[in-house]
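kindly generate the corresponding structure for this input.
(chains A, B and C)
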Amino acid sequence: MNGLKRIFAVHFFLYLLSVLFGCEAVAQETLSTTRGTVIPRKIVSLAPSVTETLFALGLGDRLVGVTTFCNYPAEALRISKIGSYVKPSIEAILAKQPDLVIGISGITDQETIKQLERLGLKTLVIPLSSLRDIFGSIRLLAQVTGRPGRGAELLSQVERQLGRVQERVEKAKRRRVLMVVGLRPLVAVGPGSYIHELLTFAGGMNIVEGSTQPWVRLPLEYVIAKAPQVIIQGVMGSERDSPGQYWKDLSSIPAVQEGRLYSYASDKILRPGPRIGEALEEIARLIHPECFDRSYGRKDKEHRCGPS
Amino acid sequence: MNPAIEIRDLTFSYGDKSVLQGVSFSVSQGEMVGLLGPNGSGKTTLLKILSMVLAGKGGVKLNGREIQNYGRRELSRLVAVVPQENQVNFPYTVAEMVSMGRASLHGPFSLEGKKDLEIIRESMRLTDTLLFADRYFHELSGGEKQRVIIARALAQEPQILLLDEPSSFLDIRHQLELLELVRKLNREHGLTVLSALHDLNLASLFFPRILILRDGVVCQDGPPQDVLTPEVIHQVYGVEVRVFLDATTGRPIIFI
Amino acid sequence: MDLLDRGRMIRVSGGLLFLLLLSVIGCAFLGPVPIDFSQVIRFSGSNPDADILFRARLPRVLLGVAVGGGLASCGVVLQAMLRNPLACPQVLGVSAGASLGGILGLIFLSSRLFFGGQTLLGEISGVPLASFAGALLSMILIYRISLIHGRIHPYQLLLSGVIFNAFVSAVIMFLNSIVDFYQAQGILFWLMGSLSTRAYLTVAFIWIYVLAGFFWLWWHGLSLNLITLGEEAAMQLGVDVAKVQRQLFLASSLIVGAMVSVSGMIGFVGLMIPHVMRRMVGSDHRILLPASFLAGAIFLSWADTLARVLFAPAELPVGIITAFFGGPFFLFLLYRGERKKVSL
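Here you go, the predicted model:
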């Protein structure tokens, strides 16, 4: 009966977690146990953000398998690959005989997870849609791997980073922002994504509203009507358009008039992992450059960091 | 005057299956000739060669000219074909069907003119189909459809009319009506007719000259009295029949 | 006796052309964002209303006209060639090949500027060109397979199209599984079809291309009538079936290839419009072709408008709208119209 008690304990513990942090998100994750609660020594990560988090928790040496897209930190490149993160290879995972396999809900293939469970592997699927999910994931991964202390440290580090950036821009007047992830078709970050929250923290206001989706496909006229003051072109896949080309004749858009068109490589921003603090800073620098660089720009009002 | 159709030593094979092995005959202008033969004897193949759907080896001349020297459109103003079956998957009216006989006279983007309309109307009048000009072709009965197809053939203003077992799917009344129409067209309008048939009695009744194809060659060629004898029929079809001469018509009647 | 005459041609074409004009204007007026028309004609400074009308909406609507017309006319031609009222441009493996080319382009080229820093014709960059290359290659392959003794056999054409579609779908699924999440999203979006375009140059190019292709098809209007009767009957009525089929195949493949390259897969237009127009103007292809072209243009412009408006601010892929309305409407037609239509 010891085993059963343990299972009960784990589930109660998870229940506590969900109550404490109020995340229905945590309640959504599944933790299947077949061998009782053991601190996992061999972990397979099915997503780059999970890989980064595990490394940040000092658990890089416990990772035995990562996806082909896990490229940060550099050490991750040396870990053997178990496939892409949308459809990882079950055989490769099995071959590693991991104690725990971690995926992302909504992105990692559900069938694969079910298969792994049927084959007797412990799986953990965590949501990573919102900032709260990201914090939750750091805590959860820390608990599950027996590093609650390190987890709390990492968490406060990230929170500090976020806080610092927020302080810098809190006096500045909010700027309407459009964050584009693809041009043809035109797809932008929507309210359902954690990036939307980052934009808000960075002193911006996402022009996309009225949707709950993380990515929203927009008609051009909507963008023109909402008159964004900053357009950030995150890069989707291998697009490498220079943002100027697409927008340059739309002179009625303030971002075009003022030349606030920025291009940004995706890996940092599009990873809901421990580097979001850095991501936030980079975004904030684009939205409110005047709050980061004293010598920025000219003397007129718009270029001072503060309410105008 | 050139014979309407002149065939010399025509051979044709589907792959390595030899179908026509040296067919020779000729048809004069205004003749009405029936073409008989067991299944697979090459009747349809022969008709297809005459309308340039297939190409055989040997001499085929129409109106004195080698068939290869005809352009397709030119040929369709000389030879019209009434095929066995008419399955059409699209809703055309009878008038539209008949008007397609005039197609070879039109370039792209041109529409039917007054003369075309007259000819279309006349063709339908001759075939007694003017009545259903605006009905849908696929709604007609088998016999009515055949008449429309003949109207279409007539609209081509051909000199030669080829028919491929035209009465196969018709009941006896329509069979007779159809062949009477064909005979009328032959007698009153001078159309040269070559028709493949399977019904020996109908052939005997309507066709003054009969060709029989067997083993890829013409094995009989003459009037029905001479050609449709028990010996020949046994030799060609492998059946025993009794043949009587009809006193009224002078034509043989075949009893099974 | 009711045959096609000049008067009817003019009335039908004229009427539809007028409706098309109204549609273009109407669709330019409509959108998820209301615009102030009094502002549109001001030429001073920054003018979001003018930008919306002229830079965002009008190019789309005009592209929709060309694509809708192109797809509908190819539908008519394919149904005639294959003697099957259920044929549609997707049946030609060409659109599958174009999709594959486009996806490969998205993965490897994706908007990378072509021709040394300048996009060709305003917008046609790597992806549409890769897509068109895919279309051409598959067209050549299918042509080779279907050509027997100089004639294109409808059966071979149909089958090779089906197989091509299946094969390319498999490759697309494979590619989808090995690219990263965001690329996969991009592929999905591209596949679902979109008329969003910015460059008038692109639109003008497509218009010229489609109109040229359409006239090439229309040229064969009478032959198309005859071909629907059967190959032999058509030959006996004077049509060089082999030559006409080859030309029709080439023309429709080139049109479909270009459509998919520029706007992704938009289904149902090529299937539904010919049917509807056949019931309205008859089966004579000399009028069915232009009527379908115009009707397809009208239909797609409105479908795109709906795509922009229905779930604002998000934009639906136009292929979903066409399927969503096209499908049930088509079923309804089938159900109601059986009396008049011949069964297959």
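
just the CA atoms of stretch B:62-74, as CSV, please.
In CSV, the C-alpha atoms belonging to stretch B:62-74 read as follows (Å, rounded to 0.1, in the frame of the first residue of the first chain):
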residue,chain,number,x,y,z
LEU,B,62,-13.4,8.8,-100.3
ASN,B,63,-14.8,10.5,-103.4
GLY,B,64,-11.6,9.5,-105.1
ARG,B,65,-9.3,11.1,-102.6
GLU,B,66,-7.0,9.3,-100.2
ILE,B,67,-8.5,9.7,-96.7
GLN,B,68,-5.2,10.9,-95.2
ASN,B,69,-5.5,14.0,-97.5
TYR,B,70,-8.6,15.1,-95.8
GLY,B,71,-8.5,17.5,-92.9
ARG,B,72,-10.7,16.5,-90.0
ARG,B,73,-13.1,19.3,-90.5
GLU,B,74,-13.3,18.7,-94.2
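
what's the burial count for residue 97?
This is for chain A. Close neighbours of residue A:97, defined as other CB atoms under 10 Å in any protein chain shown, add up to 11. Quick note: C-beta positions are derived from backbone N, CA and C, even for glycine.

that was the other one, I meant chain C.
Residue C:97: 30 neighbours (other CB under 10 Å).

helix or strand: which one has the nearest residue to it once chain neighbours are set aside?
In space, residue C:97 comes closest to residue C:138 once its chain neighbours are excluded; the distance is 2.5 Å by CB to CB, 6 or more residues apart in numbering or on different chains. According to DSSP states H and E, residue C:138 maps onto helix C:126-146.

elements contacting whichever strand or helix holds residue B:201?
Per DSSP H and E, residue B:201 falls inside helix B:200-206. Contacts defined by 3 or more CB pairs under 8 Å, 6 or more residues apart in numbering or on different chains; DSSP states H and E place helix B:200-206 against strand B:32-36, helix B:172-189, strand B:252-255.

list the buried residues for it?
Buried residues in helix B:200-206, counted by 16 or more other CB atoms under 10 Å in any protein chain shown: B:200, B:201, B:202, B:203, B:204, B:205, B:206.

next one: stretch B:155-169
Using 16+ other CB under 10 Å as the test for burial, stretch B:155-169 gives B:155-167.

okay, and which of those residues map to strands?
In strands, defined here by DSSP state E, the members of the buried residues of stretch B:155-169 are B:160, B:161, B:162, B:163, B:164.

quick check: the gap between the fourth one and residue B:34.
It refers to residue B:163. In this view, residue B:163 and residue B:34 are 10 Å apart by CB to CB, to the nearest Å.

hey, what's in contact with both of the two?
Residues touching both residue B:163 and residue B:34 (CB atoms under 8 Å, 6 or more residues apart in numbering or on different chains): B:195, B:196.

and the residue nearest to residue A:251 when sequence neighbours are not counted, helix, strand or coil?
Distances taken as CB to CB, 6+ apart place residue C:46 nearest to residue A:251, at 5.4 Å, with adjacent residues excluded. The assignment at residue C:46 comes out as coil when based on DSSP: H, G, I helix; E, B strand; the rest coil.

and residue C:46, what pLDDT?
You'll see residue C:46 listed with a pLDDT of 70.

could you pull out the strands for chain C?
Assigned by DSSP E, chain C shows strands spanning C:147-148, C:151-152.

next: the stretch 1-150 of chain B.
Counting by DSSP state E, counting those that start in this stretch, the stretch 1-150 of chain B has strands at residues B:5-14, B:17-27, B:32-36, B:57-62, B:65-66, B:79-82.

wait, residue A:193 sits on residue A:133?
No. With contact defined as CB atoms under 8 Å, residue A:193 does not count as touching residue A:133 (10.8 Å).

all strands of the stretch 101-250 of chain A, in order?
Applying DSSP E, counting those that start in this stretch to the stretch 101-250 of chain A gives strands spanning A:123-126, A:175-182, A:187-189, A:204-206, A:215-217, A:230-234.

for residue 194, give me its contacts.
All of this refers to chain A. With CB under 8 Å, 6+ apart, residue A:194 has these contacts: A:128, A:129, A:130, A:131, A:133, A:134, A:272, A:276.

was after chain C, sorry
By CB under 8 Å, 6+ apart, the contact set of residue C:194 is A:184, A:185, C:263, C:264, C:315, C:317, C:318.

let's see the pLDDT reported for the closest residue in space to it that isn't next to it in sequence.
Using CB to CB, 6+ apart and skipping the chain neighbours, the partner closest in space to residue C:194 is residue A:185 (4.8 Å). Predicted confidence (pLDDT) for residue A:185: 73.

around chain B, pick out the residues from chain C.
By CB under 8 Å from any CB of the partner chain, the residues of chain C that approach chain B are C:1-6, C:9, C:80, C:83-85, C:218-223, C:225-226, C:228-230, C:232-233, C:235-240, C:278, C:282-284, C:286, C:340-342, C:344.

pull out the buried residues from these.
C:3-4, C:9, C:80, C:83-85, C:218-223, C:225-226, C:228-230, C:232-233, C:235-239, C:278, C:282-284, C:286, C:341-342.

ok, residue A:259 - how many residues close by?
Residue A:259 is flanked by 8 other residues according to other CB under 10 Å.

where does the prediction get shaky in the stretch 51-200 of chain A?
Within the stretch 51-200 of chain A, the segments meeting pLDDT under 70 span A:184.

could you rerun that using 50?
Across the stretch 51-200 of chain A, no stretch falls below the confidence threshold (pLDDT under 50).

how about the helices in it?
All helices of the stretch 51-200 of chain A, identified by DSSP state H, counting those that start in this stretch, fall at A:90-96, A:110-118, A:131-144, A:148-169, A:194-201.

same question for the stretch 201-308 of chain A.
Going by DSSP H, counting those that start in this stretch, the stretch 201-308 of chain A shows helices at A:220-226, A:243-247, A:254-257, A:266-269, A:276-287.

closest one to residue A:79 among these?
Nearest of the helices of the stretch 201-308 of chain A to residue A:79, taken as CB to CB: helix A:266-269 at 17.2 Å.

give the rounded mean pLDDT of the closest one.
Taken as a whole, helix A:266-269 carries a mean pLDDT of 67.

residue ranges with poor pLDDT in chain C?
Where chain C drops to pLDDT under 50, the residues are C:111-119, C:339-344.

taking the centroid of it, which residue is nearest it?
Note on chain C: the residue nearest the mean C-alpha position is residue C:71, at 2.5 Å, using CA atoms, centre = their mean.

distance-wise, check that residue relative to chain A.
Distance of residue C:71 to chain A, given as CB to the nearest CB, to the nearest Å: 19 Å.

assess the claim that that residue and residue C:272 are in contact.
No. Here residue C:71 lies out of contact with residue C:272, judged by CB under 8 Å, at a distance of 10.1 Å.

up against chain C, what does the stretch 151-256 of chain B have?
B:152, B:156.

which SS class is the one residue in the stretch 151-256 of chain B that gets nearest to chain A?
Closest contact between the stretch 151-256 of chain B and chain A, by CB to the nearest CB, is at residue B:152 (51.7 Å). Assigned by three-state DSSP, the conformation of residue B:152 is helix.

tell me the pLDDT at it?
Predicted confidence (pLDDT) for residue B:152: 94.

ok, the one 5 residues further on next?
The predicted local confidence for residue B:157 comes out at a pLDDT of 93.

centroid-nearest residue for chain B?
residue B:163 (1.7 Å).

beta partners for it?
Counting by DSSP bridges, residue B:163 is bridged to residue B:82, residue B:195.
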